[in-house]
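> Prediction below, plus the sequence it came from.
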Amino acid sequence: MGIVGNIFLFSLIIFDIYKFKDVYKEIKARQIERKKIKKRLQTKKMILNQNLQELKTVDLESPLYAQFTPAEMTYFLKVTQKLKEENEVLFIFVSDLLKHVKIENMRNFIKSAPFINIQQCPLKEAKRTNGKIRAGSYFPQKKKIEIYLDSDNSTLYHELLHVASSDFSYNASGFNIYLKNGGSLGKGLNEGYTELLNQRFFNKNSNSYIRLIKLAELIELFYENKEDIVTDYFNADLLGLIGELLKTMSLEEAIDIIVDIDSFLDNKMSTLDYLKLKQKILKLYEKNQNIKTQKQLVKSFLNKKTK
């Protein structure tokens, strides 16, 4: 090999070394960031476990909702008629959603629907999270939805599901409840379950929240009846969901997995962290199934003795 060839080969080696150093620095930076996140998560879990101990003695099975009163039904019909006349997009959404949920689950939506302002915004104004464009946003206090990127109403319907599941009487949206210290609990689960329903109800396809959708599906398994988790979601009843989890796990375990799911909202956690969390939830579910089997055996045994 000639001098020129040797120089070229040497240059490639040097280039690869510098490239490897950059990759290594990036990996180390991510590892450090994940360690910081995990430390914050542990602190959050500790505080929540201290502050939510009373949930062990509270009746979490009684729902926060009831059937529509005649007055509520009259108002619902009035609102939907107004939407039909003045806001075709929202009327179509309501009509489609009612094919999948009970009318009582529309209580939060009809409180906000007449005031919702939907704005189509330039893509250049869209916010980014870890390099990814946020296709839309819902601002509960302003009753405003901003859409930046949406070819088939997938983003719009996702945001409208947030509208339909937000209860402003105690600052909650779906399975996300805002805490007094400015933080929140259940935001990751809420985004995952919102997109799960968006795909399930409206056949919308999206590449958003893929891991959170899978984790939300695992949480859904703890409900014997899927309609119950849908009802908890639309009535912004995170405590109802926690109550369901407490049937087969401790409060500490329930808080642990909900906080861990939140950590995947910004895509900073690794694939290994995701697989570990899935395994943790599956183990709790298997424990849940064993408990159900034991209960069924005990019930069967008692029935035989009374005959």
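Structure received. Numbering: from 1, shown residues only.

> shaky segments in this structure?
Applying pLDDT under 70 to the chain flags the ranges 1-28, 64, 126, 128-132, 182, 291-307.

> where do the strands sit along it?
117-120, 128-129, 132-133, 136-139, 144-147, 166-167, 172-173, 176-178, 184-185 (DSSP state E).

> Among the ones you listed, single out whichever gets nearest to Glu195.
For Glu195, the closest of those is strand 136-139, at 11.7 Å, according to Cβ to Cβ. Quick note: C-beta positions are derived from backbone N, CA and C, even for glycine.

> For the closest one, could you pull out the residues that count as buried?
Gly136, Ser137, Tyr138 (16 or more other Cβ atoms under 10 Å).

> Name the strands paired with it and say parallel or antiparallel.
In the sheet, strand 136-139 lines up against strand 144-147 (antiparallel) (DSSP bridges).

> how much distance is there from the strand it pairs with to the middle of the chain?
Computed by Cα atoms, centre = their mean, to the nearest Å, the chain-centroid distance of strand 144-147 equals 19 Å.

> same check, this time on stretch 110-120
Counting by Cα atoms, centre = their mean, stretch 110-120 comes out at 22 Å from the chain centroid.

> try stretch 42-54
Computed by Cα atoms, centre = their mean, the chain-centroid distance of stretch 42-54 equals 20 Å.

> which parts of it are buried?
Buried residues in stretch 42-54 (16+ other Cβ under 10 Å): Lys44, Lys45, Leu48, Leu52.

> Spit out the contact partners of the residue most central in space within the chain.
Nearest residue to the geometric centre of the chain (Cα atoms, centre = their mean): Asn190, 2.1 Å. The neighbourhood of Asn190, defined by Cβ atoms under 8 Å, 6 or more residues apart in numbering, consists of Ser173, Gly174, Phe175, Asn176.

> is it possible to export those to JSON lines including distance to Gln199 and neighbour count?
Below are those laid out as JSON lines (distance: Cβ to Cβ, whole Å; neighbours: other Cβ atoms under 10 Å):
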{"residue": "Ser173", "distance to Gln199": "19", "neighbour count": "26"}
{"residue": "Gly174", "distance to Gln199": "15", "neighbour count": "28"}
{"residue": "Phe175", "distance to Gln199": "17", "neighbour count": "29"}
{"residue": "Asn176", "distance to Gln199": "19", "neighbour count": "23"}
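
> Now tabulate these in TSV and tack on distance to Phe68.
TSV is the format used below for these (distance: Cβ to Cβ, whole Å):
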residue	distance to Phe68
Ser173	21
Gly174	20
Phe175	23
Asn176	25
